[in-house]
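Asker: Got a predicted model here, sequence first, then my questions.
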Amino acid sequence: MRLEKRNTSSPAALLLAPIGAVLFTLLVASLLVLWAGAPIGRTYGLLLQGGFGSVFALSETLTRAIPLMLTGLAATVAFKARLFNIGAEGQLYVGALAAVAVGGLHDGTGLALPPAVLFVLMMLAAALAGALLLLGPALLKTRLGVDEVVTTLLLNFIVLLLVSLMLDGPMKDPTAMGWPQSVALMGELELSKLIAQTRVHTGLIWGVALAVGLWALLKYSVLGFDIRAVGANARAAEFSGVKVTRTVVLVAMLSGALAGLAGAIEVAGRTSYLTLDMSPGYGYSGIVIAMLAALHPLGVIAASVFVAGVLVGADSMSRAVGVPTYIADVIVAASLIAVLVATLLTQYKVRWK
Amino acid sequence: MTDTVLRLSHITKRFGALVANDDISLTLKRGEILALLGENGAGKSTLVSILFGHYTADAGQIEVFGQPLPAGDPKAALAAGIGMVHQHFTLADNLSVLENVMMGSESMWQPFTRHRAARERLQEVAQRFGLEVDAQAKVGSLSVGERQRVEILKALYRGARILILDEPTAVLTPQESEALFKVLAQMVAQGLSIIFISHKLAEVLRVSNRVAVLRSGKLVNEASAQGTTQGQLAQWMVGHAIEAPRRHEAGPIGEDVCVLQNVSSGSGRERLNQVSLTLRRGEIVAIAGVSGNGQVALAELLCGTRRAESGHVELLGKELPAAPAQLVELGVARIPEDRHAVGVIGDLPVWENAVSERLHSRSFSRGGWVRRKTARAYAQRVVDAFDVRGGGADSAARSLSGGNMQKLILGRALLHPETNAGAASGSASPTPPNLIIAHQPTWGLDIGAVSYVQAQLIAARDAGAAVLLISDDLDEVLTLGDRVAVMHGGSLTAALPAADWSRESIGLAMAGSASGSHT
């Protein structure tokens, strides 16, 4: 068996590919649901209802989608330039740490600044922290050719230990009865709710705005061209006058900043303080979302809502019919594989010897 | 017909809508050299790949020595006595000649390799065909010509009776090519049969008994080499008469545009060693040489992607900036060697590729944002003026054929954005570039595109540009060069008027020796 490149992709193939991907995902998940002994129709119904079926369900889904959207954008911009940033998880945590440091540590005592100014400072600090964390791997890559997959991945663990150190040390909340959690943000710095009585907050607007901004940047700006050119063919980009090293470093700063903002917005919008289990792997899920969105910033909005909906829906479905919530991970993983294979098949055809 | 060793009957192969081989029937006789001639994309490689089992034909049969050859099985092809010598060698540099030859022909399960028997066999094969090579030498230390001998030996060692040579002279000096032709003659005298793939008309007539010409997948003609002229072959290959670019002498030579003084840079194959050269307005300087002798380094230096480690490079009286965007601003038109990997960014649309060199300048951007309307209008002018066909400005550059891709690169290099739309006539732009760096500008193009590109270079010269042409096609060097210099091992000879060189003297300089002794 081998793959032959198609000269053109037929419209039928382009239409069938996503449908096939959905069917494949449903098939894989259905087999597991059957195995768990639950009725398939009801399970999917509950899953959909739990994720999107009510204002409350939708609000929970959107709340979960916000950090995914931002880490998805972080992965998107980096992968566009072929900078494989696997470290969004760490960047998210240093962003959150920086946000708490600016907006919580000195509650009432330190910086005597108006909340509006402090809010801007808090976001800038988070973005800068994420950006600086990725700057090291980017420089190691461009100067010495060190593989960024390794450096960014391993930095995640270093950052988690650093966060642990801070939560048990200088940033520990003395009123938390010994739990390792940080002091809380000043109340004025928290993001307001989008819908009353729910948890969904204005971070959603940040996420959508940043997605649109990134889309415009990639499509209409010179830097956007540079990023796409470096990702598509770095040698040709350099020949045509793109400063490749500079572009990779800028992309790293941008990607790290987006992931750092994810951390700050999560703290300011949802938790108001930082704990070690704040992110159930949002940084890694961002990679899945970027790939599901085919590295399109606007696609990231849809992909993050989809993934969040499946995760939230699986929680409520699981309580009703007893299928473990891990089915959500299976659905997300199967859909990613299905989408990647379907995309491949629109560009290549399989030849059996 | 007992002396027919190979018979291809009605071979057809489709890739999607493209018919790469259309009902091709061919025979090869014992002791015959059959030349397979055709432009890029005519179907030569596909046909050979089917013969060697890399592809399976959609229809048709192959018979070797009277026996049908199972389709799609390279092992069966080897066993039937078909040997292939690829254009790009498939040798391991860190192993000896003997080890390379033995590689793959011994069972994985036998405990010890049988070096002595293998060496004797190799010696015997080498002597029989006049292919002397030191069996103990590491392949990495051999010259290109010697490596090719090892490739041929490898095929003969495995008992090949039918040898397929894919563009064997592309990497050789004229003298090395002559030596190869002698070996081929010796092989057919001993009863071997050879398929010789090439697009060089002169050498095809020189070595082969019979010529088969392919055009867009079809076998358009088969003729005895004797009594056939180059003109006829060219016409069969292209389908219509070809007008070679009219060569005319340079007009008055103008001022110095670019001066290199004792420039050194890099190491290994990409090395410049004390290179000095002056490029003047109204003149084409052509650099001959076997590729891999520093041409890449020279081109990179003048294209802004490499720095001189010592020596001086001056452009228009100032030091040459090592930055592509600045060079383009200064009127340097650059045509890189590898149009797919360096010339264009295949995944991006044609229009972005048309402006990529000048995107950072004020012509196409303001405040960091691309002026898309202006950019697209300019791209459309390049497409129109240089006749870039296949897809529109929005299709991916990858979808262009090699010739159209080269026209796009040529167009963006030669057409200055400030030129008003009406004045762009397709020949030289009214604001000609100061300097043109053309590295293998016609490599792999069909004859029509070749003469188009060459005519553009001549027109730009006549309009006052200084042109540097780097090519390993000796015919091109001699056709276009007003002055010619030869590169070997990173060093450059003096650039002498073309008339002062002969093919022989260029060949010797390409091999790095003025006296004729091989290194």
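Answerer: Received it, and whenever you're ready, just let me know what you need.
Asker: which SS state does whatever residue of the stretch 201-350 of chain A ends up closest to chain B fall under?
Answerer: Residue nearest to chain B within the stretch 201-350 of chain A: A:Gly241 (3.5 Å; Cβ to the nearest Cβ). All C-beta atoms are positioned from the backbone trio N, CA, C, and that covers glycine. Judged by DSSP: H, G, I helix; E, B strand; the rest coil, the three-state class of A:Gly241 is coil.
Asker: quick one: it and B:Glu329 touch, right?
Answerer: No: shown here, A:Gly241 and B:Glu329 do not form a contact pair, counting by Cβ atoms under 8 Å, at 9.4 Å.
Asker: Neighbour count: these two, which is higher?
Answerer: A count of neighbours by other Cβ atoms under 10 Å in any protein chain shown puts A:Gly241 above the other of A:Gly241 and B:Glu329, at 24 against 17.
Asker: Tell me the confidence at that one?
Answerer: A:Gly241 carries a pLDDT value of 93.
Asker: For the nearest residue to it once chain neighbours are set aside, list the residues it contacts.
Answerer: Excluding the flanking residues, the one nearest A:Gly241 by Cβ to Cβ, 6 or more residues apart in numbering or on different chains is B:Ala325, at 3.5 Å. Residues near B:Ala325 by Cβ atoms under 8 Å, 6 or more residues apart in numbering or on different chains: A:241, B:304, B:357-358, B:360-361.
Asker: Same question for A:Leu161.
Answerer: A:Leu161 touches nothing, counting by Cβ under 8 Å, 6+ apart.
Asker: Likewise for B:Lys138?
Answerer: Taking Cβ under 8 Å, 6+ apart as the test, what B:Lys138 contacts is B:93-97.
Asker: sorry, back to before: that's a strand at the residue nearest to A:Gly241, yeah?
Answerer: No: secondary structure of B:Ala325 (three-state DSSP): helix, not part of a strand.
Asker: re earlier: only the buried members of the contacts of B:Ala325: can you turn that into a ChimeraX selection?
Answerer: Selecting only the buried entries of these in ChimeraX, with 16 or more other Cβ atoms under 10 Å in any protein chain shown as the criterion:
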select /A:241 /B:304,357,358,360
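Asker: could you redo the contacts of B:Ala325 as CSV and give each row distance to B:Asn21?
Answerer: Output for those, formatted as CSV (distance: Cβ to Cβ, whole Å):
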residue, distance to B:Asn21
A:Gly241, 42
B:Gly304, 43
B:Glu357, 39
B:Arg358, 42
B:His360, 46
B:Ser361, 47
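Asker: and the contacts of B:Ala325 as CSV, adding distance to B:Ser198 and secondary structure?
Answerer: Formatted as CSV, the contacts of B:Ala325 follow (distance: Cβ to Cβ, whole Å; DSSP: H, G, I helix; E, B strand; the rest coil):
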residue, distance to B:Ser198, secondary structure
A:Gly241, 37, coil
B:Gly304, 35, coil
B:Glu357, 35, helix
B:Arg358, 39, helix
B:His360, 43, coil
B:Ser361, 43, coil
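Asker: pLDDT wise, what is the closest residue to chain A within chain B at?
Answerer: Proximity to chain A, evaluated over chain B using Cβ to the nearest Cβ, is greatest for B:Ala325 at 3.5 Å. Looking at B:Ala325, its pLDDT reads 91.
Asker: and the gap between it and B:Pro417?
Answerer: 14 Å (Cβ to Cβ, to the nearest Å).
Asker: Between the two, which contacts overlap?
Answerer: Common neighbours of B:Ala325 and B:Pro417 (Cβ under 8 Å, 6+ apart) are B:Arg358.
Asker: contacting residues around the closest residue to B:Arg339 other than its chain neighbours?
Answerer: By the measure of Cβ to Cβ, 6+ apart, the closest residue to B:Arg339 outside its immediate chain neighbours is B:Met405, 5.1 Å from it. B:Met405 sits next to B:339-340, B:343-344, B:397 when contact means Cβ under 8 Å, 6+ apart.
Asker: Can you list the residue ranges for strands in the stretch 101-250 of chain B?
Answerer: Ranges of strands in the stretch 101-250 of chain B, per DSSP state E, counting those that start in this stretch, are B:162-166, B:193-198, B:210-215, B:218-224.
Asker: Spell out which parts of the stretch 1-150 of chain B neighbour chain A.
Answerer: Within the stretch 1-150 of chain B, the positions adjacent to chain A are B:15-18, B:56, B:72 by Cβ under 8 Å from any Cβ of the partner chain.
Asker: Out of those residues, give me the one that has the most neighbours.
Answerer: Among the residues of the stretch 1-150 of chain B next to chain A, the one with the most neighbours (other Cβ under 10 Å) is B:Phe15, at 16 neighbours.
Asker: Surely it touches A:Arg351?
Answerer: No: at 10.2 Å, B:Phe15 and A:Arg351 do not qualify as touching, with contact defined as Cβ under 8 Å.
Asker: Overlap in contacts, the two.
Answerer: Common neighbours of B:Phe15 and A:Arg351, counting by Cβ under 8 Å, 6+ apart, are A:Glu4.
Asker: Following element in sequence after the helix or strand of chain B with the lowest mean pLDDT, please.
Answerer: Between all helices and strands in chain B, the lowest mean by mean pLDDT, DSSP states H and E belongs to helix B:230-238, at a mean of 85. Helices and strands here follow DSSP states H and E; after helix B:230-238, the next one along the chain is strand B:256-267.
Asker: Give me the helices and strands touching that following strand, please.
Answerer: Counting contacts by 3 or more Cβ pairs under 8 Å, 6 or more residues apart in numbering or on different chains; DSSP states H and E, strand B:256-267 is packed against strand B:270-280, helix B:295-303, strand B:310-315, strand B:466-470.
Asker: Could you point out which residue ranges in the chain have low pLDDT?
Answerer: Answering for chain A, as no chain was given. Counting by pLDDT under 70, the ranges of chain A that qualify are A:6-9, A:106-111, A:352-353.
Asker: that's the wrong chain, I wanted chain B
Answerer: In chain B, residues with pLDDT under 70: B:1-2, B:108, B:111, B:113, B:242-247, B:419-431, B:514-519.
Asker: quick revisit: so of the contacts of B:Met405, which ones are in strands?
Answerer: In strands, judged by DSSP state E, none of the contacts of B:Met405 are found.
Asker: of these, closest to B:Leu277?
Answerer: Closest to B:Leu277 out of the contacts of B:Met405 is B:Gly343 (23.3 Å), distances taken as Cβ to Cβ.
Asker: I'd say the closest one and B:Pro336 touch.
Answerer: Yes: between B:Gly343 and B:Pro336 there is a contact at 4.9 Å, judged by Cβ under 8 Å.
Asker: What residues does chain A have near chain B?
Answerer: Residues of chain A found near chain B (Cβ under 8 Å from any Cβ) are A:4, A:6-8, A:220-225, A:228-229, A:232-233, A:235-242, A:353.
Asker: Helices of the stretch 1-150 of chain A, residue ranges please.
Answerer: If DSSP state H, counting those that start in this stretch is used as the criterion, the helices of the stretch 1-150 of chain A fall at A:11-35, A:40-52, A:55-80, A:88-103, A:115-139, A:148-168.
Asker: Point out the most buried one among the ones you listed.
Answerer: Most buried of those, by mean neighbour count (mean count of other Cβ atoms under 10 Å in any protein chain shown): helix A:88-103, with a mean of 30.
Asker: quick one: stretch A:239-252 to chain centroid distance?
Answerer: In terms of Cα atoms, centre = their mean, to the nearest Å, the gap separating the centre of stretch A:239-252 from the centre of its chain is 24 Å.
Asker: buried stuff in that stretch?
Answerer: A:239-245, A:247-252.
Asker: Kindly present the residues you listed as CSV, with separate columns for distance to A:Val310.
Answerer: What follows is those, written out as CSV (distance: Cβ to Cβ, whole Å):
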residue, distance to A:Val310
A:Phe239, 44
A:Ser240, 42
A:Gly241, 44
A:Val242, 39
A:Lys243, 41
A:Val244, 38
A:Thr245, 39
A:Thr247, 35
A:Val248, 34
A:Val249, 36
A:Leu250, 34
A:Val251, 29
A:Ala252, 30
